[in-house]
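**Q** Prediction below, plus the sequence it came from.
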Amino acid sequence: MKDIIETLRLGKGKDFINLSAGNPVILPEVEQLWRDCTAELLSSPEYGEVVCRYGSSQGYQPFIDVIVEDFNSRYGLNLTDRNVLITPGSQSIYFYATNAFGGYTTDGKLKKIVLPLSPDYTGYGGVSLIPEAVFSYQPKLDIDEVNHHFKYRPDFSQLIIDETTGCVIFSRPCNPSGNVLTEEEVKKIANLAANFNVPVFIDSAYAPPFPALNFTEMKPVFGDNIIHCISLSKAGLPGERLGIAIGNEITIQVLEAFQTNMCIHSPRYGQAIAARAIGSGALSEIAAEVIRPYYQQKFTVVETALNQAMPKNLPWFLHRGEGAIFAWMWFKDLPITDWELYQQLKEVGVIVVPGSSFFPGLQGEWSHKNQCIRISLTATNEEITEGMKRLATVIEQVYNHSIVGV
Ligand SMILES: Cc1ncc(COP(=O)(O)O)c(C=O)c1O
């Protein structure tokens with residue numbers, strides 16, 4: 001990431017096609033929604049109460065009430081306000097969770113933070129104050145050679161969740177791969193964890209009902225040991241830092257205590273406008289009708305451009321586009337590393353993210369780790385199409401040179 005920022009800064013005059021961004025696109029309908037909610041808050045007597053006063057650590061009560069009502073009616077749950085914690089961004093939930101449930105116990109035993117399927121969100125790499133506590137597992141690969149597609153599956157024959165596990169975390173849909181674990185896979189992981197009273201944090205930063213960045217049918221999974229973690233960042237509010245943890249009261253209390261010590265409570269302005277956007281039903285509607293179709297169409301542009309430009313005889317594979325705002329590619333037996341490929345793409349004016357940064361906690365060597373790239377779906381259609389053409393040229397050279405060199 002540092003190299004990408006430096007490259008963009010130094011190459012001011014150069015027209016890079018930037019396919020590395022994780023920042024969501026500002027969609028006019030989404031911006032308008034937040035403007036309208038802000039205007040409503042500004043003109044209401046609630047304003048002073050929201051910004052001029054401290055509140056409870058758990059969150060702003062009207063916002064918590066809206067979340068409880070929305071999730072109960074949408075998913076037939078029996079949540080009360082004790083099941084909800086509002087945090088400054090969802091990233092902070094993983095910081096609280098990994099450090100409250102993972103790391104060393106007072107008698108020196110290591111409680112692991114288990115990521116059941118690698119690759120996963122790079123942000124889980126640094127959240128634990130005890131880096132050696134993060135463990136992730138190599139997945140199985142479903143490969144469709146003919147159509148140049150693949151999909152990751154959790155490898156239950158390798159996955160260990162036991163008394164040495166402090167907590168489990170995974171993103172669904174997944175950043176970077178766009179993979180959506182099936183309901184059956186999620187329940188299997190949650191059941192394994194339940195045997196040892198281990199909480200499972202399902203990072204739903206891209207899940208329905210908002211931002212609803214799932215391109216395949218998926219329902220959130222709830223359960224006694226599941227903490228459903230929401231982010232409003234991809235629903236147009238990344239600057240306001242707003243995360244929501246929904247789960248059993250005891251786990252929520254642990255997280256809340258951590259939050260009280262760290263920052264007292266989450267800012268209330270974002271919560272007050274989000275209460276309006278969610279309470280009126282506008283956010284879930286815009287998510288399904290504007291946000292999801294926007295990124296889903298971008299994925300189709302990537303897929304079409306790759307099918308047209310990439311050499312059919314080379315072993316390139318696009319992960320199934322099941323959600324999130326990225327496309328993920330694997331180049332089997334890539335003759336160079338992902339980092340070298342990233343550098344070569346820079347030479348032709350295309351910036352992607354080298355894949356190896358998305359395997360936090362993976363033990364042992366796995367060549368696949370150095371054979372992937374992440375492509376952001378935030379660029380224009382023209383940029384994506386041109387970027388894929390340049391990628392195809394570079395990939396052809398990389399594989400063909402290696403064959404000549406043998
Ligand atoms: C999978 C995943 N989880 C969590 C986050 C952090 O989100 P927030 O802005 O809510 O802290 C991101 C941000 O990109 C993400 O991709």
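**A** Structure's in. What do you need? Numbering: from 1, shown residues only.

**Q** State the mean pLDDT of the helix ranked longest in the chain.
**A** Counting residues, the longest helix in the chain under DSSP state H turns out to be helix 381-405. Confidence over helix 381-405, taken as the mean pLDDT, stands at 90.

**Q** so what does it touch, helix or strand wise?
**A** strand 17-18, helix 292-309, helix 338-347, strand 350-351 (3 or more C-beta pairs under 8 Å, 6 or more residues apart in numbering; DSSP states H and E). From N, CA and C alone the C-beta is placed, and that goes for glycine too.

**Q** Quick check: mean pLDDT of the first one?
**A** Looking at strand 17-18 alone, the average pLDDT works out to 96.

**Q** hmm, who's touching that strand?
**A** Surrounding strand 17-18, the residues in contact under the criterion C-beta atoms under 8 Å, 6 or more residues apart in numbering are 8, 349-351, 376, 379, 383, 386-387, 390.

**Q** of all those, which comes closest to V254?
**A** The nearest member of the contacts of strand 17-18 to V254, counting by C-beta to C-beta, is S376 at 34.7 Å.

**Q** In this structure the closest one contacts I4, no?
**A** No. Because the distance of 10.8 Å does not satisfy C-beta atoms under 8 Å, S376 is recorded as not touching I4.

**Q** who touches both of those two?
**A** Taking C-beta under 8 Å, 6+ apart as the contact rule, S376 and I4 both touch 20, 353.

**Q** Just want to know which of these two has more residues nearby.
**A** The residue with the greater number of neighbours, taking S376 and I4 and applying other C-beta atoms under 10 Å, is S376; the counts read 25 against 18.

**Q** okay, the contacts of strand 17-18 in JSON lines with distance to the ligand next?
**A** As requested, these are exported to JSON lines (distance: C-beta to the nearest ligand atom, whole Å):
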{"residue": "L8", "distance to the ligand": "18"}
{"residue": "G349", "distance to the ligand": "25"}
{"residue": "V350", "distance to the ligand": "21"}
{"residue": "I351", "distance to the ligand": "17"}
{"residue": "S376", "distance to the ligand": "11"}
{"residue": "A379", "distance to the ligand": "17"}
{"residue": "E383", "distance to the ligand": "21"}
{"residue": "E386", "distance to the ligand": "25"}
{"residue": "G387", "distance to the ligand": "21"}
{"residue": "R390", "distance to the ligand": "26"}
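
**Q** Reformat those as CSV; add distance to P311.
**A** Shown next, in CSV, are the contacts of strand 17-18 (distance: C-beta to C-beta, whole Å):
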residue, distance to P311
L8, 29
G349, 20
V350, 17
I351, 22
S376, 23
A379, 23
E383, 22
E386, 17
G387, 16
R390, 14
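
**Q** can you count the residues close to G48?
**A** Taking other C-beta under 10 Å as the definition, G48 ends up with a neighbour count of 9.

**Q** just checking, what packs against the strand or helix carrying it?
**A** When secondary structure is defined by DSSP states H and E, G48 falls within helix 46-51. The criterion is 3+ C-beta pairs under 8 Å, 6+ apart, and the helices and strands that helix 46-51 contacts are helix 268-279.

**Q** could you give me the average pLDDT of the helix it packs on?
**A** For helix 268-279, mean pLDDT is 98.

**Q** List the contacts of that helix.
**A** Contact partners of helix 268-279, identified using C-beta under 8 Å, 6+ apart, comprise 33-34, 37-38, 40-41, 46, 50-51, 55, 59-60, 62-63, 65-67, 69-70, 86, 210, 232, 237, 240-242, 283-284.

**Q** tell me the most buried of the helices and strands packed on helix 381-405?
**A** Mean neighbours per residue, mean count of other C-beta atoms under 10 Å, is largest over these for strand 350-351, with a mean of 24.

**Q** partner strands of that one, parallel or antiparallel?
**A** strand 17-18 (parallel) (DSSP bridges).

**Q** Grab the nearest non-local neighbour of I336.
**A** In space, I336 comes closest to V398 once its chain neighbours are excluded; the distance is 5.8 Å by C-beta to C-beta, 6 or more residues apart in numbering.

**Q** Please report how far that neighbour lies from L391.
**A** Note on V398: its distance to L391, by C-beta to C-beta, to the nearest Å, is 10 Å.

**Q** more neighbours, the two?
**A** In terms of neighbours (other C-beta under 10 Å), L391 is the more surrounded of V398 and L391; the figures are 27 against 17.

**Q** List buried residues within the contacts of strand 17-18.
**A** Among the contacts of strand 17-18, those that count as buried by neighbour count (16 or more other C-beta atoms under 10 Å) are 350-351, 376, 379, 383, 386-387, 390.
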